[in-house]
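*Asks:* What follows is a predicted structure for the sequence shown.
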Amino acid sequence: MLEERVSVVIFEGGKARTAVEEEMAAVRKAVVLDNIERLKGTPGVDEVILGTNYPDLAEEAAALGAVVDFSDAPFHFGRRLLQVVQERRLTNVFYMGGPAAPLIRREDILWIVTKLKQEKNIVILNNVQSPDMVAFTPASALATVPAPANDNELGYGLGDIAGLRRVLIPNSAWINFDLDTPTDLAILSMQPAAGRRATEALQRFDFDLDKLLKLRSLFGVSGAEVALIGRIGPPVWAFLNMNFMCRFRVFSEERGMKALGRQERGEVVSLIGHLIDRDGPREFFRYLGSFCQAVVFDSRVLFAHWKMDVSDWDRFQSDLGRYDLVKEPRVREFTQAAVEAPVPVILGGHALVSGGLWVLAENALAAEGREARRIMRL
């Protein structure tokens, strides 16, 4: 058995330009600190390295024992990660995005660390199409691929270009849920397993949880119909079907649109987007509401179908249902139609229809006192 050091690298930074982004950043920082504490308390994790441009986060992370790589220089994901790997001579790397896995368990961390120490020439992913946790060995493989622009591209480069064998982390809500949008924060606020700092940060928000609670209650209703729209992956859908009698109408499109460069090249095509273009968003939701009791909508596929670079402000206000604050007319019209739809429409991004949906399903089972049925992996 090879026993080498495992280094966890976390990147979290940016520059908040609006009040919503500042609120999001505060929760993300809290999640990073909670995860550093979890990681430091897990056997086999030899060091935690934080790359950030936030002075307050750097100070608090250092107090928890993390190695801080502070820089306010222009950031490029792949180049910065390679610099950390080479300067610190890392051998086994477990990379996590700052808002990734706020509900990750120590047993999940231990599984990843053990794999890295026992095997070689592997890349471990929490999601094949859009990973935000990527563990790999040897770390030197990173130098053999074009510098990835983001963590989605990192998994593809190490697997398809560097030739490392792909290994998937055993699927669960806890390793797939992350924080990209205000909707994800609302879901996290409902979780008793959230970290102490994240829970405190979330108390500053006044979330309207009515639609999420309605969705969760429908899972246990035999014959209820819920529409799932966007980048829904097979593991989430399989888990829902294994555990609930609710009928799910799944419209899955454009998985991996970022990692494969389709969004950047303007190649995203959406059937749902075509229907909305043809009939208008109000008629679309009216018809959907005639046979579904709730809708979960990953709106980022629609925006990419429209070939629009929607600002963080508009995306987040849309998720919150504040259509009067959305500046882009087309996004405003879509958001208003969703808010005024005859059934609850929950808007968000990829995290909503992957980990977020899964977490709500786990909550529903816990409320019923039922053990989840899970796909066994040999």
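*Replies:* Here it is on my side, so go on.
*Asks:* chain center to stretch 204-216: distance?
*Replies:* 19 Å (C-alpha atoms, centre = their mean, to the nearest Å).
*Asks:* which of the residues in that stretch are buried?
*Replies:* For stretch 204-216, burial by neighbour count (16 or more other C-beta atoms under 10 Å) applies to 207, 211-212, 215-216. Placement of C-beta: from N, CA and C, glycine included.
*Asks:* now the end-to-end length of that stretch.
*Replies:* 24 Å (C-alpha to C-alpha, to the nearest Å).
*Asks:* Pull the residues that contact that stretch.
*Replies:* Outside stretch 204-216, the residues within contact range by C-beta atoms under 8 Å, 6 or more residues apart in numbering are 23, 26, 185-187, 189-190, 226, 294, 296, 321, 344-346, 360, 363-364, 367.
*Asks:* Averaging pLDDT per element, find the lowest-scoring helix or strand in this structure.
*Replies:* Using mean pLDDT, DSSP states H and E, helix 151-156 stands out as the lowest-scoring helix or strand of the chain, at a mean of 88.
*Asks:* Which strands and helices lie in contact with it?
*Replies:* If contacts are counted by 3 or more C-beta pairs under 8 Å, 6 or more residues apart in numbering; DSSP states H and E, helix 151-156 sits against helix 77-87, strand 92-97, strand 133-137.
*Asks:* how about 7 Å then?
*Replies:* Helix 151-156 sits against strand 92-97, strand 133-137, with contacts defined as 3 or more C-beta pairs under 7 Å, 6 or more residues apart in numbering; DSSP states H and E.
*Asks:* now those strands as CSV including mean neighbour count?
*Replies:* Below are the helices and strands packed on helix 151-156 laid out as CSV (neighbours: other C-beta atoms under 10 Å):
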stretch, mean neighbour count
strand 92-97, 25
strand 133-137, 26
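*Asks:* residues touching W358, list them.
*Replies:* 173, 176-177, 236, 239 (C-beta atoms under 7 Å, 6 or more residues apart in numbering).
*Asks:* To clarify, my last question referred to K115.
*Replies:* 122, 124, 167.
*Asks:* Number of residues surrounding the closest residue to K258 other than its chain neighbours?
*Replies:* Leaving out its chain neighbours, the residue that sits closest to K258 by C-beta to C-beta, 6 or more residues apart in numbering is N152, at 4.8 Å. N152: 23 surrounding residues under other C-beta atoms under 10 Å.
*Asks:* wait, isn't N152 in contact with A259?
*Replies:* Yes: between N152 and A259 there is a contact at 3.9 Å, judged by C-beta atoms under 7 Å.
*Asks:* joint contacts of these two?
*Replies:* Common neighbours of N152 and A259 (C-beta under 7 Å, 6+ apart) are S130.
*Asks:* how distant is the helix ranked longest in the chain from the center of its chain?
*Replies:* Among the segments of the chain that qualify as a helix by DSSP state H, the longest is helix 19-40. Helix 19-40 sits 14 Å away from the centroid of its parent chain (C-alpha atoms, centre = their mean).
*Asks:* Just the C-alpha atoms of that helix, please, in CSV.
*Replies:* These are the backbone C-alpha positions of helix 19-40, laid out as CSV (Å, rounded to 0.1, in the frame of the first residue of the first chain):
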residue,chain,number,x,y,z
ALA,A,19,-25.8,43.1,-1.6
VAL,A,20,-27.1,39.6,-2.7
GLU,A,21,-23.5,38.6,-3.7
GLU,A,22,-22.2,39.8,-0.4
GLU,A,23,-24.8,37.7,1.5
MET,A,24,-23.9,34.7,-0.6
ALA,A,25,-20.2,35.3,0.0
ALA,A,26,-20.7,35.4,3.8
VAL,A,27,-22.4,31.9,3.8
ARG,A,28,-19.8,30.5,1.4
LYS,A,29,-17.0,31.7,3.7
ALA,A,30,-18.7,30.0,6.7
VAL,A,31,-19.0,26.8,4.7
VAL,A,32,-15.3,26.8,3.9
LEU,A,33,-14.4,27.2,7.6
ASP,A,34,-16.8,24.5,8.6
ASN,A,35,-15.2,22.2,6.0
ILE,A,36,-11.7,23.0,7.0
GLU,A,37,-12.6,21.9,10.6
ARG,A,38,-14.2,18.7,9.3
LEU,A,39,-11.2,18.0,7.1
LYS,A,40,-8.6,18.7,9.8
